[in-house]
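**Student:** what follows is a predicted structure for the sequence shown.
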Amino acid sequence: MLVANENKIADPGPLGLAGFGITTVILSLINAKVYTGDALGVVLGLALVYGGGAQLLAGMWEFRKGNTFGATAFSSYGAFWISFYFIVHAAPKAGMGIYLLMFGLLTFYLWFGTFYLNKALFFVFLTLWLALLFLALGDFGVGTTVLGGWIGLVCGLAALYTSAAGVLKETAGRVILPVGSPMAKARG
């Protein structure tokens, strides 16, 4: 039986990445036209509870751990999914392009932060940035929504891989799924 250390806070990263990954995969399958928009109800449920709620909680726990990057990323994308739920219910498609573009901007600068983390997160944020860009352009009428959906699918699967790597490392006490070293060395 595993016994938790009462002074240690579990890593909230795998939870946040799983909530993000699963919600992103299912929405991306709709955007890529693998599933019809009829599956949007599943996405909205996930957006509110798992992609939104669980990620927001993971972000708050990252604050507790003193991880500014994780706190900002998980809290922001948790809020993204919760707001996505309400936006789709209130006014489908109205203003979605600028919404996606602004989250693309957030993702772009967070992507630079991943240079100091690991290659798996670098890839998750790179593909998320590209997916949001192409989805925003699609909402502006450029016709890139399907491409954004496919890139989002890769992003969601990469997030799930990174989540699994964190869970397995914690439970096995060693690296099972590699995530790669940082792209750049932090300077003090």
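**Tutor:** Cool, the structure landed.
**Student:** what about the nearest residue to residue 82 once chain neighbours are set aside, distance to residue 141?
**Tutor:** Spatially, and ignoring its direct neighbours in sequence, residue 82 is nearest to residue 52 (3.7 Å; C-beta to C-beta, 6 or more residues apart in numbering). Placement of C-beta: from N, CA and C, glycine included. According to C-beta to C-beta, to the nearest Å, residue 52 stands 28 Å off from residue 141.
**Student:** what's the answer for residue 77, then?
**Tutor:** Using C-beta to C-beta, which is the criterion applied here, residue 77 is 26 Å from residue 141.
**Student:** what about these two, which has more around it?
**Tutor:** More crowded of residue 77 and residue 141, by other C-beta atoms under 10 Å: residue 77, with 28 against 8.
**Student:** check whether residue 52 really touches residue 74, as I assumed.
**Tutor:** No: applying C-beta atoms under 8 Å as the test, residue 52 and residue 74 come out as separate, 10.7 Å apart.
**Student:** more neighbours: which of the two?
**Tutor:** Under the neighbour definition other C-beta under 10 Å, residue 52 and residue 74 were set side by side, and residue 74 has more, 28 against 25.
**Student:** residue contacts, that one?
**Tutor:** With contacts defined as C-beta atoms under 8 Å, 6 or more residues apart in numbering, the neighbours of residue 74 are 12, 13, 16, 20, 55, 56, 58, 59, 62.
**Student:** can you tell me which of those are in helices?
**Tutor:** Judged by DSSP state H, the contacts of residue 74 include 13, 16, 20, 55, 56, 58, 59, 62 as members of helices.
**Student:** buried set for the longest helix along the chain?
**Tutor:** Identified as the longest helix of the chain according to DSSP H is helix 145-172. For helix 145-172, a neighbour-count test (16 or more other C-beta atoms under 10 Å) marks 145, 147-167, 169 as buried.
**Student:** what do you get for stretch 175-188?
**Tutor:** residue 179.
**Student:** with stretch 115-128 instead?
**Tutor:** Residues 115, 117-128 are the ones in stretch 115-128 that count as buried (16+ other C-beta under 10 Å).
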